[in-house]
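Colleague: pasting a predicted model and its sequence here:
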Amino acid sequence: MQFFRLRPPNFPTIRLSQFANLYGKEQGLFSKLLQLKSKEAIYEFFNLGVTDFWKTHYTFQKPSTSSKKQLSKSFIDLVIINTLIPIQFSYAQSQGKSIDDDVFQLIKELKIESNSVVSKFLDLKTIDKNALNSQALIQLKQNYCDKNKCLQCAIGNSLIVKN
């Protein structure tokens, strides 16, 4: 396994142990993931640690000082944005249901992502700081900026016309 440039709490061994705990703790995991609606319920659901062995290890070989090694709220937010919401949305669509309002409400409750793409957009203009907007900005960058389609983008067009 590669651990280069990872902080110890993000080591694959720790993440696998956390996932194994979740899988072992929850029967009908997929069904329960579909039922989670509020940010607080999701935080509680993912409030899990590691087994006793992993409390004192980051790798199989070397012991470390004991720690809980729980998922942070910011990590859970990323799981919600990049995994839980797409799963819930896709499953609802496949069943012919609409959960758009629930999805939008949930993503608006989450903090804005902290990454270079979002921070560069925030340097241009102040916006509401929630995950819905950060996802929109990432989408804009991928579909317009990265493809040099500035004139077809409202933001790019306004920047070019303004100058």
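Modeller: Nice, I can see it. Numbers count the residues shown, from 1 in each chain.
Colleague: surely Arg5 is within a strand?
Modeller: No: under DSSP: H, G, I helix; E, B strand; the rest coil, Arg5 falls outside any strand and is assigned coil.
Colleague: look up how far Phe11 lies from it.
Modeller: Going from Arg5 to Phe11 by C-beta to C-beta, to the nearest Å gives 11 Å. The way it works is simple: take the backbone N, C-alpha and C, and place the C-beta from them, glycine included.
Colleague: ok now the helix or strand of the chain with the lowest mean pLDDT, how far from the chain's centre?
Modeller: In the chain, no helix or strand scores lower on mean pLDDT, DSSP states H and E than helix 154-162, which sits at a mean of 80. Its chain's C-alpha centre and that of helix 154-162 lie 30 Å apart, by C-alpha atoms, centre = their mean, to the nearest Å.
Colleague: what's in contact with it?
Modeller: For helix 154-162, contacts defined as C-beta atoms under 8 Å, 6 or more residues apart in numbering pick out 124, 140, 144-145, 149-151.
Colleague: dump those to JSON lines, plus neighbour count, pLDDT and distance to Arg15.
Modeller: Formatted as JSON lines, these follow (neighbours: other C-beta atoms under 10 Å; pLDDT from 0 to 100; distance: C-beta to C-beta, whole Å):
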{"residue": "Leu124", "neighbour count": "11", "pLDDT": "83", "distance to Arg15": "35"}
{"residue": "Leu140", "neighbour count": "17", "pLDDT": "92", "distance to Arg15": "30"}
{"residue": "Tyr144", "neighbour count": "18", "pLDDT": "95", "distance to Arg15": "33"}
{"residue": "Cys145", "neighbour count": "17", "pLDDT": "92", "distance to Arg15": "31"}
{"residue": "Lys149", "neighbour count": "12", "pLDDT": "93", "distance to Arg15": "36"}
{"residue": "Cys150", "neighbour count": "13", "pLDDT": "88", "distance to Arg15": "38"}
{"residue": "Leu151", "neighbour count": "10", "pLDDT": "89", "distance to Arg15": "42"}
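Colleague: out of those residues, who's nearest Glu26?
Modeller: Leu140 (36.3 Å; C-beta to C-beta).
Colleague: which helix or which strand is home to that closest one?
Modeller: Taking DSSP states H and E as the definition, one finds Leu140 inside helix 131-140.
Colleague: now do that helix: which elements does it pack against?
Modeller: Judged by 3 or more C-beta pairs under 8 Å, 6 or more residues apart in numbering; DSSP states H and E, helix 131-140 is in contact with helix 100-109, helix 116-124.
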